[in-house]
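**Q** Provide a 3D model corresponding to the input given below.
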Amino acid sequence: MKCELCPRKCGIDRKTQVGFCGAKTLKVARVMKHFWEEPIISGTNGSGAIFFSHCSLKCVYCQNKEISQDGKGEEITVNNLVEIFKELEKTGVHNINLVTPTHYTDEIISALKIYRPRIPIVWNTSGYEEVSTIKKLKGYVDIFLTDIKYFSSDISSKLSCAKDYFEKASKAVLQMRDNIPEDIVENEVMKKGLIIRHLVLPSFSADSLKIVEWINNNLGNKTYISLMSQFLPLNDCPAPINRKIKPLEYKIVMNKLLELNFENVYVQDPTSADEKYIPKF
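**A** Residues are numbered from 1 along each chain as shown. From the prediction side, this is the model:
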């Protein structure tokens, strides 16, 4: 079976080969109660995070490089994944949080067909998705927690080896909204909906402003947005992103959200740009 789950469309048979992402069989790097997601995801009991190994992007600044690019993790079966769902659910977490799951879409759907937790399923993604893959998730995923990383194809090409990032991510986000038309929050915890994350990068505030404007024009100012300031210049980042962001760079983007009257925005304290918040794998 040819793999065409992500925009790379490698077309390889993963039983015998690996494509751009490096994934072959289902592989998990860590399972944990996660308390550092957005408040409506983590709540008071935490989010049941499953960190999958490998990724379809090659972000030069990736905080999780050892699992996303180096492939650290343990190979498991679909039945093992079912048991992970059950064990996390027993701990009282608010949701099952599938982190960087795209390249295992088919295995995840198979697991959900065997056992569907009674708590929401979160698709925690880089945003580099195919519309056809998002359509497959209808009825299985309750919350899309997605990045929109870049507007400029030049920036996305240099930083994530994905010239077509915005072209693909923008269409995917619209499909996510079509899958889940309404945001439902009960007792300050999201049950269904869409949250768009954007990490402000050093030197590229102008690109961030274009993303905010696109969200406003295409999804409206009631869209949940998580504006992140946690960028760290890891992995010997090249110029001009070889530093933390400046307070002014973050403020510029925040002011645009205020100007456009966005109603549901999560902001991040600059102190979040610290390696102590990166999970250990």
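**Q** all helices of the stretch 51-200 of the chain, in order?
**A** Under the criterion DSSP state H, counting those that start in this stretch, the stretch 51-200 of the chain contains helices at 65-68, 78-90, 105-114, 131-136, 153-160, 165-179.
**Q** worst-scoring helix or strand of this structure, pLDDT-wise?
**A** Least confident helix or strand of the chain, by mean pLDDT, DSSP states H and E, is helix 65-68 with a mean of 94.
**Q** spatially central, which residue of the chain would that be?
**A** With distances taken as Cα atoms, centre = their mean, residue 125 lies nearest the centre of the chain, 2.6 Å away.
**Q** identify the residue spatially nearest to that one, adjacent ones excluded.
**A** With Cβ to Cβ, 6 or more residues apart in numbering as the criterion, residue 125 has its nearest non-adjacent residue at 5.0 Å, and that residue is residue 146. Any C-beta I mention is one placed from the backbone N, CA and C, and that applies to glycine too.
**Q** now the end-to-end length of stretch 51-68.
**A** Taking Cα to Cα, to the nearest Å, stretch 51-68 runs 9 Å from one end to the other.
**Q** and it, what's buried?
**A** 51-68 (16 or more other Cβ atoms under 10 Å).
**Q** show me the residues you listed that map onto strands.
**A** When DSSP state E is applied, the buried residues of stretch 51-68 are split such that 51, 52 fall in strands.
**Q** tell me the contacts of residue 189?
**A** Counting by Cβ atoms under 8 Å, 6 or more residues apart in numbering, residue 189 touches 40, 41, 43, 94.
**Q** relative to residue 172, how far out is the last one?
**A** In this structure, residue 94 and residue 172 are 24 Å apart, going by Cβ to Cβ, to the nearest Å.
**Q** check the third one too.
**A** Counting by Cβ to Cβ, the separation of residue 43 from residue 172 is 26 Å.
**Q** out of these two, which sits in the busier spot?
**A** Between residue 43 and residue 172, counting by other Cβ atoms under 10 Å, residue 172 is the more crowded of the two (25 against 18).
**Q** report the separation between the more buried one and residue 138.
**A** Taking Cβ to Cβ, one finds residue 172 at 13 Å from residue 138.
**Q** picking that back up, nearest to residue 10 among the contacts of residue 189?
**A** Taking Cβ to Cβ as the measure, residue 10 lies nearest residue 41 of the contacts of residue 189, at 30.8 Å.
**Q** what secondary structure does the closest one sit in?
**A** What DSSP: H, G, I helix; E, B strand; the rest coil gives for residue 41 is helix.
**Q** returning to that earlier point: quick one, what contacts the residue nearest to the centre of the chain?
**A** Neighbouring residues of residue 125 by Cβ under 8 Å, 6+ apart: 100, 101, 102, 144, 145, 146, 147.
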